[in-house]
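Colleague: predicted structure and sequence below. I'll ask about it afterward.
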Amino acid sequence: MILRSSLKAVSPEEGCALLLGKSAPDLHVRCVWPCCNVWRPGLGGVSDVISGDGDQASVSASRRSRFALDPREQIAAQRWSRQRGWRVLGSAHSHPGGQPVPSAMDRQWAASEGVVLIDAGAAGVRAWWLQGPGQEGVPGKSVSALSIVVQSDATVGDTMKSCADGAFLLQ
């Protein structure tokens, strides 16, 4: 509920959130931290052109096809997580009108390895593990599908103050 609602709230633009929780022995998302999409053309001096297999392709430059997490929200979520013995496991974002698979841009912009959950509305929700930098030092070079298990009996708390166990609801 929290995840899908927060991602859909900014449609037709991409919504985004951080996934917080524990990683041992298995990945367990305990909280969804909704974030603002702060993407804008030229953000961080990064080109609006993606590269793939030696080709360069122009992609529409808008928040309808791109997202960037607000750095201040990332820092706040990291601090909040550490206070609970958790960590940031990855991120979630929407692909309005698209497919729930990481795009070339998603793989290129991945800052580190971790979980990427993509909600494509009617096309479904899927989770992926993006690997860290590959041989050429390009983050997110390879992706692997992950299973999603949703706790249907979970209670939902205020995500910014008292994120309850299982606040990661997709229903």
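Modeller: Everything's here; your move.
Colleague: buried ones in stretch 65-74, by neighbour count?
Modeller: Buried residues in stretch 65-74, counted by 16 or more other CB atoms under 10 Å: 65-69, 73-74. (Glycine included, C-beta is placed from N, CA and C.)
Colleague: quick one: which of these is nearest Pro41?
Modeller: Of all those, Arg66 has the smallest distance to Pro41: 9.1 Å, by CB to CB.
Colleague: quick check: chain neighbours aside, which residue is closest to that closest one?
Modeller: In this structure, Arg66 finds its nearest non-sequential neighbour in Trp39, 4.6 Å apart by CB to CB, 6 or more residues apart in numbering.
Colleague: I figured that neighbour was touching Leu69, is that so?
Modeller: No. Between Trp39 and Leu69 there is no contact under CB atoms under 8 Å: 9.1 Å.
Colleague: past the longest helix belonging to the chain, which element shows up next along the chain?
Modeller: When the chain is parsed with DSSP state H, its longest helix is helix 71-83. Of the helices and strands lying after helix 71-83 in sequence (DSSP states H and E), the nearest is strand 87-94.
Colleague: given that next one, what are its sheet partners and their directions?
Modeller: strand 16-22 (antiparallel), strand 114-119 (parallel) (DSSP bridges).
Colleague: lowest pLDDT pick from the buried residues of stretch 65-74?
Modeller: pLDDT across these is lowest for Ser65, at 82.
Colleague: hmm, which helix or strand of this protein has the shakiest average pLDDT?
Modeller: strand 55-58 (a mean of 46; mean pLDDT, DSSP states H and E).
Colleague: Arg82: neighbouring residues, count only.
Modeller: 11 (other CB atoms under 10 Å).
Colleague: re the thing from before, intersection of neighbour lists for Trp39 and Leu69?
Modeller: Counting by CB atoms under 8 Å, 6 or more residues apart in numbering, Trp39 and Leu69 have no shared contacts at all.
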